[in-house]
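Engineer: Test case, fold it:
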Amino acid sequence: MWTETKAELKEASGNKSSFRKHVLNSLLLCTGDMVHLDKYIQDKSFAVQLMVWGLRGVSRVILANNPLSGALILAALFWDSPWQCLLGTLGVLVSTLTALIIGQDSAEVSAGHHGFNGMLVSLLMGVFNLAGDWYWWLLLPACLGSATCVFLSSSLSSLLVRWDLPVAVFPFNLIFILYLLCTGPNNPYFPHHPAIPPGALEVNGTELSATAVLHGIPLGVGQIYACGVMGPSLLLLGAVFLYSPLLAIHAVLGSAVGTLAGLSVAVRHDSLYSGLSGFNGALGCMVVGGLFFTFNWRTHLFAIACAFLSAYVDIALSNLLGTVGLPACSLSATLITTLMLLLTGHLAIYRIPTAKVMAPEHNLISHNQWEAGEPEDKENTIV
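Structural biologist: Residues are numbered from 1 along each chain as shown. Next up is the predicted model:
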């Protein structure tokens, strides 16, 4: 009897261990790039495929590539503003469908590369719109701007591919600034708020609140989607964490660095409190901190330096463009990270080719496996 009881306990323990392992494996399938999902939807309807491609495009805005992260991001945007969620969804769908119609590379379309610029254009049009929410005429420029992003992205990719550089958000920045220049604050159909330079003098300035400054650090992650509310911003951060914990850590670190940079040059308090000082630093830190470079202590310090540079260049460009009422958007992070990807020297050996970029944890495992390989294999991989 004792032997049977022992056997039963051992079997029960094995079942529990197997169940835990099964749950853990199921959870892991929801993280990273979810490449298995692409194989699963190959024989599904076009609507299902379009939904997955669109959700990948949504998550690409924050440098992730995970449909579940994209779904969480849409939920966060809906929580913040249903109108903004509608505009963002429309933008990513229009740009993705435009890419399909004009015959862009199917692998790039399915990976969401043609969705995120269109989404950003639509979102920012809604944020700067003076006519308020549910102004249906705004859907027209939102659709046109999102579609135009695809043409500009295709043109720039043929140029940047020579240096193995991503198109990033150059199309969004250019098209959105052109839209603001075409319309203006007093346009009868599409009026917009003029941007205020971060270096503008405070009107009735008060003492700086340390709590509000710390509050602005997670908001810096939310401002990547033009979201300035704490709850949705934390959900956005959770979406990044689902894709890659390492990327989420660098997002918060970069936002903190950007906030510190803003403090060092005494930008407006509102810029610190709302997270606007931090989002370019967050983007710069994320790109270098494991995404396009293999993570180690050198690239980690490099990521912090990139965050500082992105934040300072953002302040300079915002002060310059703000004199004519234009925002700098994410121009600084895009410019600085592009220059960082062109870096030569010792750090360049950690650079990951654009076509092979995946979640930072996957990049790190692949690099460690390559280092553990035979010397002959390493020599064969050097081009």
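
Engineer: Low-confidence stretches in the stretch 101-250 of the chain?
Structural biologist: 203-206 (pLDDT under 70).

Engineer: residues near the residue nearest to residue 322 when sequence neighbours are not counted, how many?
Structural biologist: The shortest distance from residue 322 to any residue other than its chain neighbours is 3.0 Å, reached at residue 197 (Cβ to Cβ, 6 or more residues apart in numbering). Backbone N, C-alpha and C define where each C-beta goes, glycine included. By other Cβ atoms under 10 Å, 21 other residues sit near residue 197.

Engineer: again, but for residue 352
Structural biologist: Neighbour number of residue 352 under other Cβ under 10 Å is 19.

Engineer: could we number from 659 for the rest of this?
Structural biologist: In the new numbering, first residue 659, that becomes residue 1010.

Engineer: What residues does it make contact with?
Structural biologist: 949, 950, 951, 952, 1021 (Cβ atoms under 8 Å, 6 or more residues apart in numbering).

Engineer: out of those, who has the most neighbours?
Structural biologist: residue 951 (28 neighbours).

Engineer: hang on, the earlier thing: quick check: the residue nearest to residue 980 is in a helix.
Structural biologist: No. Residue 855 is assigned coil when assessed by DSSP: H, G, I helix; E, B strand; the rest coil, not a helix.

Engineer: In contact with it, which residues are there?
Structural biologist: Per Cβ under 8 Å, 6+ apart, neighbours of residue 855: 976, 977, 980, 981.

Engineer: for those residues, which one is nearest residue 771?
Structural biologist: residue 976 (27.6 Å; Cβ to Cβ).

Engineer: Report the separation between that closest one and residue 993.
Structural biologist: According to Cβ to Cβ, to the nearest Å, residue 976 stands 13 Å off from residue 993.

Engineer: Neighbour count: these two, which is higher?
Structural biologist: Just comparing residue 976 and residue 993: by other Cβ under 10 Å the higher neighbour count belongs to residue 976, 27 against 20.

Engineer: Cross-check the contact I'm expecting between that one and residue 853.
Structural biologist: Yes. Under the criterion of Cβ atoms under 8 Å, residue 976 makes contact with residue 853 at 7.3 Å.

Engineer: what do these two both touch?
Structural biologist: Common neighbours of residue 976 and residue 853 (Cβ under 8 Å, 6+ apart) are residue 985.

Engineer: domains of the protein?
Structural biologist: Per automatic domain parsing, the domain ranges recorded for the chain read 679-851, 855-1041.

Engineer: Give me the pLDDT for residue 1034.
Structural biologist: Residue 1034 is assigned 43 on the pLDDT scale.

Engineer: With the one 4 residues further on instead?
Structural biologist: On the pLDDT scale, residue 1038 is placed at 40.

Engineer: what do you get for residue 684?
Structural biologist: Residue 684 is given a pLDDT of 62.

Engineer: secondary structure class for the spatially most central residue of the chain?
Structural biologist: The centroid of the chain falls nearest to residue 720 when counting by Cα atoms, centre = their mean (1.2 Å). When classified by three-state DSSP, residue 720 comes out as coil.

Engineer: Next up, the contacts around it.
Structural biologist: 727, 731, 879, 882, 883, 894, 897, 898, 909, 944 are the contacts of residue 720 under Cβ under 8 Å, 6+ apart.

Engineer: May I have the phi/psi pair for the last one?
Structural biologist: Looking back up the chat, that one is residue 944. phi -70, psi -40 (degrees, to the nearest 10).

Engineer: I figured it hits residue 722, correct?
Structural biologist: No. Residue 944 is beyond contact range of residue 722, at 9.3 Å (criterion: Cβ under 8 Å).
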